[in-house]
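> The sequence and its predicted three-dimensional model are supplied below.
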Amino acid sequence: MGEVYSHLSEEERQVIQIEVGNGASIRGIGAMLGRSPSSISREIKRNTWFPSNENESYRPYRPKRLKAGPWTGRYYIAGPAQRKADRRRSKPRKPYRLSHDRLWAQVTEWLGRGWSPLLISGRLRVLWPDDALMRVCPETIYRWVYSSRPLRERWARCLPRGHRRRRRHGGRRTSRFPIPGRVPISERPPEADGRSAFGHWEADSVIGVGCNLHTEVERRTRFLMARIVPDKTAGESVGAQLDMFSPLPAGARVSVTHDNGTEFAHHERLRDGLGMATYFADPYSSWQRGSNENRNGMIRRYLPKRCEIRMDMAKEVREIVDEINNRPMRVLGYRTPAEAFADELLELQDQQGCCTSK
């Protein structure tokens, strides 16, 4: 008989009682019933019975240190074991969090829109602050998505990083090409590191089939800009940067941090043309440009790897960027990057106006 995965029956408990009384081993009892030895061991340990459990008068008065007499021992008896199992089964259990229809419907709706579990959890607290049933933590959503193959195949594609199984994120390989005039990230000012100041950007590339995207993300507001470039050469990349940064006021383009790719070899043109400071992250440390990596991941949800990117897709790319910039973020207090960026520009304009009037 093979192993079965169901509750022990009263007949099986009677067999356990007889075999325990005969001195049989746990493995022997398990083989006889077709059960795992751990199940038999857990059953005996959980349902061992004191006579006094049923009637206190069964236990005579004796000091606890006295270990003599039959009533101070422990016994496995099928009847009391079955009653204890029935009592445990009848107790109400805490319902699964996503078993509430209203919560489940809202979570699946937002997952279908491409929202991350972290964003869903935070938005529920904002919209239903006094409803305890409309609460779910991000980890619960991830576990639900990966709990079975049908759920994974249906919903993992909606996650920001949807894989066949959950995994850690690894770093990217960087080029050994020596970049002239390279300034390490360790020399970046503290206000840029702590995101307390506006106007510090992170740069990277999104590789496609045919053409590529050059992306820039403002560190404080997480505002995204993107341009299509025909190739990954240094001239095309810095040309896209000059095109994106030139319309901005000087206070909104203070510095930019790159990775160590060869496409950023002409970074000095930003210093000479726009007065921007340029820095480079450490090798194999993509987390130092986490905002840009996160936004590139959002772009990949619309333009996955090995997707064709053409120069005539400028309108489509602009719509993608606008949708990303108008999605609320927890780190911004559930404001959108577009709202945060506009507020910073207005504040910068007010500061410049005050300085001009003085």
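Ah, there it is. These figures come from a predicted structure and were not determined experimentally.
> residue boundaries of the strands in the stretch 101-250 of the chain?
200-207, 209-210, 212-218, 224-229 (DSSP state E, counting those that start in this stretch).
> rank the ones you listed by pLDDT, which is bottom?
Per-stretch mean pLDDT for the strands of the stretch 101-250 of the chain is lowest at strand 209-210 (a mean of 90).
> strands paired with that strand, and their directions?
strand 308-309 (parallel) (DSSP bridges).
> What's the mean pLDDT across stretch 43-54?
69.
> Then stretch 336-344?
95.
> Output the below-cut-off pLDDT ranges for the stretch 251-358 of the chain.
Counting by pLDDT under 70, the stretch 251-358 of the chain shows low-confidence ranges at 353-358.
> Tell me which stretches of it form strands.
Assigned by DSSP E, counting those that start in this stretch, the stretch 251-358 of the chain shows strands spanning 255-258, 277-280, 308-309.
> Point out the most buried one among these.
Most buried of the strands of the stretch 251-358 of the chain, by mean neighbour count (mean count of other CB atoms under 10 Å): strand 255-258, with a mean of 24. All C-beta atoms are positioned from the backbone trio N, CA, C, and that covers glycine.
> Residues contacting that strand, please?
Residues outside strand 255-258 that contact it (CB atoms under 8 Å, 6 or more residues apart in numbering): 185, 188-189, 192, 199-204, 216, 241, 245, 264, 267, 270, 276-281, 288-289.
> domains for this structure, by residue range?
Following automatic domain parsing, one gets these domains for the chain: 10-90, 97-158, 185-353.
> want to throw the ones you listed into a markdown table with distance to Pro178?
As requested, the domains of the chain are arranged in a markdown table below (distance: least, CB to CB, whole Å):
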| stretch | distance to Pro178 |
| --- | --- |
| domain 10-90 | 60 |
| domain 97-158 | 38 |
| domain 185-353 | 9 |
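> ranking those by burial, who's on top?
Using mean count of other CB under 10 Å, domain 185-353 ranks as the most buried of the domains of the chain, with a mean of 17.
> Give me the distance between it and the centre of its chain.
Distance, stretch centre to chain centre, for domain 185-353: 23 Å (CA atoms, centre = their mean, to the nearest Å).
> if I look at Tyr334, how far off is Ser41?
Distance, Tyr334 to Ser41, using CB to CB, to the nearest Å: 51 Å.
> related to what we said a few turns ago, could you dump the strands of the stretch 101-250 of the chain to TSV with distance to Trp128?
Formatted as TSV, the strands of the stretch 101-250 of the chain follow (distance: least, CB to CB, whole Å):
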stretch	distance to Trp128
strand 200-207	35
strand 209-210	44
strand 212-218	31
strand 224-229	29
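> Kindly export stretch 110-130 (C-alpha atoms) in CSV.
The C-alpha coordinates for stretch 110-130 follow below in CSV (Å, rounded to 0.1, in the frame of the first residue of the first chain):
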residue,chain,number,x,y,z
TRP,A,110,-4.9,46.0,-10.2
LEU,A,111,-2.7,43.1,-11.0
GLY,A,112,-4.3,43.1,-14.4
ARG,A,113,-3.3,46.7,-14.8
GLY,A,114,0.3,45.8,-14.1
TRP,A,115,0.5,47.2,-10.6
SER,A,116,3.1,45.7,-8.3
PRO,A,117,2.0,43.9,-5.0
LEU,A,118,3.7,46.6,-3.0
LEU,A,119,1.7,49.3,-4.8
ILE,A,120,-1.6,47.3,-4.4
SER,A,121,-1.0,46.9,-0.7
GLY,A,122,-0.4,50.6,-0.1
ARG,A,123,-3.2,51.8,-2.3
LEU,A,124,-5.7,49.6,-0.4
ARG,A,125,-4.7,51.4,2.9
VAL,A,126,-5.3,54.8,1.2
LEU,A,127,-8.7,54.0,-0.3
TRP,A,128,-10.1,51.9,2.6
PRO,A,129,-8.4,53.3,5.7
ASP,A,130,-11.0,51.9,8.2
